[in-house]
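# sequence and predicted model, in that order:
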Amino acid sequence: MPSRIEDYALIGDCQTAALVGRDGSIDWLCVPRFDSGACFAALLGTPDHGRWLLAPATEVRAVRRAYRPGTLVLETEYEVAGGAVKVIDCMPPRTDVPDVLRVVVGIRGRVPMRMQFVARFDYGSIVPWVRRMDGGIRAVAGPDTLLLRTPAPLRGEGLTTVAEFSVAEGERVPFELTWHPSHQPMPSALDAEAAVDHTEAWWTEWSSRCTYRGPWRDAVVRSLVTLKAMTYAPTGGIVAAATTSLPEQLGGVRNWDYRFCWLRDATFTLYALMMGGYTEEAQAWREWLLRAVAGAPPQIQIMYGLAGERRLTELELPWLPGYEGAAPVRIGNAAFGQLQLDIYGEVMDALHVARREGLPPDENAWRVQRQLLEYLETIWDQPDEGIWEVRGPRRHFTHSKVMAWVALDRAVKGIEQLGLAGPAARWRALRDTIHAEVCRRGFDPGRNAFVQYYGAPELDASLLMIPLVGFLPPSDPRVRGTVEAIERELLRDGFVMRYPTTPAVDGLPPGEGVFLACTFWLADNYALLGRRAEARECFERLLGLQNDVGLLSEQYDPGAKRLTGIFPQAFSHVSLINTACNLSAEPGPADVRPKS
């Protein structure tokens, strides 16, 4: 069995990432990119599908772990009878090929240690050839090679590599794992201790530039570091998560691959980074966007690969049983072919804020935006799959229409406030038309609430975005009525569900956890409504779901009291940052976004 989701920590090099369990096992690592095949896939199966365990060989009495402040350098301390030992884990910022460093440090007494290295390429399906080399072993299969270097004695054991050794107080034993293409020369070994120090310095310098100074700075910095770890440095793309197929409901089938660049998630991430003072990432993402969406406007996708790849074919991996049996395990994501109108609003909003925050102007960016808006003019009145990427029939989702309004609103403001060239009168008129339609067809006067789609009986937590994006002021009775209805119908143990999961709407069996980003949106609404005490209480309740190293998943199961869904999820950490800013003294995203 893999560990509980909340028992994992993230390490990464801004091109890929690994999950390290409290038990000392790295159960997930894809190399060389986030979306490459995993060489450790025990997260979605068993140790036989690949893992790298490094932990005491005797009973562990206590485990304490933490990141070095402002970094992705993880330290895990194990206390055993008669001693204590620490394992340092990190991935140095990449210059060429990916490395994973693990350094065992003796703290007290003498502690027996055990290492088990199970390399399995292509998501646990390929057992490599393993050969000895000076200072370690070399595992090869097809295009992939893993080099494991260490002074610890290694030996083979049942298609795995193990090491048994002990460390006394003050002793240090390094391990270096390197991936490289099998047809290329072997890269040189690192100085593990120096590389750990360099990694700490790199992250410390980056995180020290955070401009947030509110009461939740530690949580905000941890979230910003997590978001930075999910940027793909070579291209500027931003992945939604580093994992695939972690279930939204334990044992369920809602298991998706999130190792790609959603325009929506990337724009939210970009917005949070800008709120934290990071504009360099915003510029890199804008350049990625211009490359990714190049072509005819009707060909725009809601998501792309890390370098802008468009074919993200969804496959199932039958040899992996899934996290705690939650099958199927999927790679790729069929949602890349969906129509989701809200992405136009999110892209326009993010680029509008980027310009206002001082990002250097780019003539090509505005040219692309104009083409997207001209296309949106022809499709805004069509049904779509919506923000939640339903696999049921297309509908006129209210949130989608609201975000179509946002796209036109930000374009008009760009013309009026920033001097951009465009048909302001035409876009202003269409903006008003969409606004009127949403208020007429997306609002149920009998319930005094906006509904999930035109004429729907269901609510949807995405409607909490209405005041946050400026579609209506928070003082509007329809906003207050929608918040109250969501409190009555979608609130569960103080957390918000996305919507009632029914096959009629999303084409899948019912059941999922509460959605953390939606609960942050509720806190934002409380703040805008002047319900500051409730906003803070809601926010603190969400902070209480962070694991011991400050990470959040996509969802939470209040009954099982466990994190569920992809982990860590950019959407959750973005929302944490935005809500922290909204609840702090300085203006937050809900205050500085354009208003209608």
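Nice, I can see it.
# in the protein, where's the longest helix?
helix 398-418 (DSSP state H).
# if I take the following helix or strand past it and helix 398-418, what angle do their directions form?
Sequence-wise, the next helix or strand downstream of helix 398-418 (DSSP states H and E) is helix 424-441. Angle of helix 424-441 versus helix 398-418, following axes from the mean of the first three to the mean of the last three C-alpha atoms, to 10 degrees, is 150 degrees.
# so which elements touch the longest helix of the chain?
Where contact means 3 or more C-beta pairs under 8 Å, 6 or more residues apart in numbering; DSSP states H and E, helix 398-418 is packed against helix 342-356, helix 363-379, helix 424-441, helix 465-468. Where C-beta positions appear, they are placed from N, C-alpha and C, glycine not excepted.
# can you rerun that using 6 Å?
In terms of contacts (3 or more C-beta pairs under 6 Å, 6 or more residues apart in numbering; DSSP states H and E), helix 398-418 is packed against helix 342-356, helix 424-441.
# what residues sit buried inside it?
By neighbour count with 16 or more other C-beta atoms under 10 Å, helix 398-418 contains the buried residues 398-415.
# the strands in the stretch 101-250 of the chain, which residues?
Per DSSP state E, counting those that start in this stretch, the stretch 101-250 of the chain carries strands over the ranges 129-133, 136-141, 144-149, 155-156, 161-168, 172-181, 231-232, 237-238.
# go on, the stretch 451-596 of the chain?
Using DSSP E, counting those that start in this stretch, strands in the stretch 451-596 of the chain cover 491-492, 495-496, 514-515, 555-557, 562-564.
# mind checking those strands for the one nearest to Asp342?
Closest of those to Asp342 is strand 514-515, at 15.7 Å (criterion: C-beta to C-beta).
# just checking: what are the partner strands of that closest one?
Applying DSSP bridges to the sheet, strand 514-515 is found paired with strand 555-557 (antiparallel).
# quick check: mean pLDDT of the strand it pairs with?
Averaged across strand 555-557, pLDDT comes to 96.
# list phi and psi for Cys90.
Dihedral pair for Cys90: phi -160, psi 170, per degrees, to the nearest 10.
# check it and give its pLDDT.
The model reports Cys90 with a pLDDT of 98.
# my guess is it meets Leu101, correct?
Yes - between Cys90 and Leu101 there is a contact under C-beta atoms under 6 Å: 5.4 Å.
# ok so, going back, would you mind finding the most buried of the strands of the stretch 101-250 of the chain?
Of these, the one with the most neighbours on average (mean count of other C-beta atoms under 10 Å) is strand 237-238, at a mean of 26.
# and whatever helix or strand comes next after that one, what does it pack onto?
The helix or strand immediately downstream of strand 237-238 is strand 261-262, counting by DSSP H and E. On a contact count with 3+ C-beta pairs under 6 Å, 6+ apart, strand 261-262 meets no helix or strand.
# hmm, 7 Å instead?
When contacts are defined as 3 or more C-beta pairs under 7 Å, 6 or more residues apart in numbering; DSSP states H and E, strand 261-262 packs onto strand 303-304.
# distance of Gly82 from Val105?
Plainly put, Gly82 is 17 Å away from Val105 if you go by C-beta to C-beta, to the nearest Å.
# ok so, going back, got CSV for the strands of the stretch 451-596 of the chain, with distance to Arg367 too?
Below are those laid out as CSV (distance: least, C-beta to C-beta, whole Å):
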stretch, distance to Arg367
strand 491-492, 44
strand 495-496, 39
strand 514-515, 36
strand 555-557, 39
strand 562-564, 42
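# looking at the ones you listed, which is closest to Pro112?
Closest to Pro112 of the strands of the stretch 451-596 of the chain is strand 562-564 (C-beta to C-beta; 31.9 Å).
# who does that closest one touch, helix- and strand-wise?
For strand 562-564, the contact count by 3+ C-beta pairs under 7 Å, 6+ apart identifies strand 555-557 as packing neighbours.
# which one is Arg65 nearest to, not counting chain neighbours?
Thr76 (4.0 Å; C-beta to C-beta, 6 or more residues apart in numbering).
# same thing with Arg431?
What sits nearest to Arg431 in space, not counting adjacent residues and going by C-beta to C-beta, 6+ apart, is Leu408, at 4.0 Å.
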